[in-house]
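**Q** turn this into a model:
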Amino acid sequence: MDDVPAGPASPEPRRPSLSVVIPVRNGGHDFGRCLRRLRDSHPTDYELIVVDDGSTDGSAELAESFGAIVVRNPATQGPAAARNTGARVATAPLVFFLDADVALHPETLRRVVARFEADPELSALFGSYDDAPTAPGLVSQFRNLLHHYVHQQGEFVAGARPARTFWTGCGAIRRRDFLDLGGFDPELYKRPAIEDIEFGYRLTRAGRKILLVRDVLATHMKRWTLASMVQTDIIRRGVPWMILMKRSGIVETDLNVKVGQKLCVTIVGLVNLALVALPWFPWLLAAVVTGLAGIVGLNGDFYRFLARRRGWGFAAAAVPVHYLYFCCCGVSVLIALALWHLWQSDPVAGGPLGASAEGLRGDPASPEAVPRPNVAWARRLTRWTRP
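**A** Numbers count the residues shown, from 1 in each chain. This next block holds a predicted model:
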């Protein structure tokens, strides 16, 4: 048999081009829909990694039934740590982060892969929610449509524009870049917060290219209440983001913090002060009316967008919810500035960068190093944000 020519070697299994990483904790029905829509995506040769972050509702078993590689955390570690785990387990060169309450459009994965293949310099990209949220109710519809509107604004060229933040609801990154920069920061962000924004700033400092892509879309299934909206806008996003901007020295003017939006927050603050003083100074009523008219005028395009999607009745009903959103932004600024002042004045913290060796995220000599507060003080700043 030695003279029988050997046949061709068995080809090695083809490595998928994309690893989809989903952190989940008690995902429920929304997680089931997320997995079903992912199954119907093109291409289909992705690797699915689900990090079960202490679920008690069978989310891990559901993910396994869809063929996912499931990593189980016996106790909840938070989405930042869960995504880091998923990225380390991933074998594909691209990691696509997806939230468990988000349902992809069928062509989203294909569009993501095509962007990276066409641009070797591209490090990361993210998309947005679509304009067809499934959760009923004024607040849920408003919140999801606001996200879509904000992320579809700006000067897009060939359907994309530069960004310096990142978003894990529907975003992808080259795995080597993610690991090189240390992933998300699970010490500062033990609960859902702005770990993706902070990572995006580190990517930008390192000279990596990030794009916001208009046609990378997904449906958000989250149900919002006024209480969850206030908690998110102040505790989970507003205060941490303002503190991040202070310690990183970045003056943000994109997405939710454009100049026009900052002006609206200022006007709302002045209107609130005028309302408080109105019983003693009735002439301030004119200032209140003018301020409210200014808010509507500055956001006219957004309200027209809401009217096109849900009608003018919905757009009118959304105005007070939008006003509350601006109030939350203003409160966040005040709280963050007060905490920042206390932090700077604390000799133990050692000033705005902290005195410890942990004052920088990453190698202090590297361009991607982002100022990071003394860990003990950072925990003081964020402890009250935990549910």
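**Q** in the stretch 201-350 of the chain, what spans have low per-residue confidence?
**A** 253-257, 345-350 (pLDDT under 70).
**Q** ok, now which ones touch the residue nearest to the spatial centre of the chain?
**A** Per CA atoms, centre = their mean, the C-alpha nearest to the average position across the chain is that of W167, at 3.9 Å. The contact partners of W167, by CB atoms under 8 Å, 6 or more residues apart in numbering, come to 126-127, 196-197, 200. C-betas here are computed from N, CA, C, even on glycine.
**Q** can you add distance to P23 and give the residues you listed back as CSV?
**A** What follows is the contacts of W167, written out as CSV (distance: CB to CB, whole Å):
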residue, distance to P23
F126, 16
G127, 18
D196, 12
I197, 17
G200, 18
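**Q** and those, which two are furthest apart?
**A** Distance extremes for those: the farthest pair is G127 and I197 at 15.6 Å, using CB to CB.
**Q** what about R309, neighbour count?
**A** 16 (other CB atoms under 10 Å).
**Q** I should have written L275 there, sorry.
**A** Number of residues near L275 (other CB under 10 Å) recorded here: 14.
**Q** contacting residues around the nearest residue to it once chain neighbours are set aside?
**A** Using CB to CB, 6 or more residues apart in numbering and skipping residues adjacent in sequence, the residue nearest L275 is V288, 6.1 Å away. V288 makes contacts with 271, 274-275, 278, as judged by CB under 8 Å, 6+ apart.
**Q** return the distance of V288 relative to Y201.
**A** Distance from V288 to Y201, counting by CB to CB, to the nearest Å: 38 Å.
**Q** can you point me to the longest strand in this protein?
**A** strand 209-220 (DSSP state E).
**Q** what's the first helix or strand after that strand?
**A** Using DSSP states H and E, the helix or strand that follows strand 209-220 in sequence is helix 226-231.
**Q** send me that following helix as CSV with only the CA atoms.
**A** The C-alpha trace of helix 226-231 is given here as CSV (Å, rounded to 0.1, in the frame of the first residue of the first chain):
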residue,chain,number,x,y,z
LEU,A,226,-40.5,57.4,32.9
ALA,A,227,-38.7,56.0,36.0
SER,A,228,-36.3,53.9,33.9
MET,A,229,-35.7,56.8,31.6
VAL,A,230,-34.8,59.2,34.4
GLN,A,231,-32.6,56.5,36.1
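**Q** how many neighbours does S65 have?
**A** The local packing of S65 (other CB under 10 Å) involves 11 other residues.
**Q** hmm, I typed the wrong one, I wanted G183.
**A** Close neighbours of G183, defined as other CB under 10 Å, add up to 20.
**Q** quick one: contacts for it?
**A** Contacts for G183 were tallied using CB under 8 Å, 6+ apart; they are 80, 83-84, 87, 199.
**Q** before we move on, which element is it in?
**A** Here G183 is assigned to no helix or strand, by DSSP H and E.
**Q** what helix or strand is the spatially closest residue to L98 that is not a sequence neighbour on?
**A** Of all residues not flanking L98 in the chain, I22 sits nearest, at 5.1 Å (CB to CB, 6+ apart). Element membership for I22, per DSSP H and E: strand 18-24.
**Q** now do the next helix or strand after that strand: which elements does it pack against?
**A** Past strand 18-24, further along toward the C-terminus, the next helix or strand under DSSP H and E is helix 28-39. Using 3 or more CB pairs under 8 Å, 6 or more residues apart in numbering; DSSP states H and E, the elements in contact with helix 28-39 are strand 18-24, helix 59-65, strand 102-104.
**Q** so A218 bridges to which residues?
**A** Note on A218: beta-bridge partners by DSSP bridges are L104, Y129.
**Q** next, count neighbours for it.
**A** 22.
**Q** go on, the one 10 residues further on?
**A** Counted with other CB under 10 Å, the burial measure for S228 works out to 15 neighbours.
**Q** helices and strands around the longest helix along the chain, which ones?
**A** Counting residues, the longest helix in the chain under DSSP state H turns out to be helix 312-345. Secondary-structure packing of helix 312-345 (3+ CB pairs under 8 Å, 6+ apart): helix 138-151, helix 226-231, helix 239-248, helix 259-277, helix 285-298, helix 300-310, helix 375-383.
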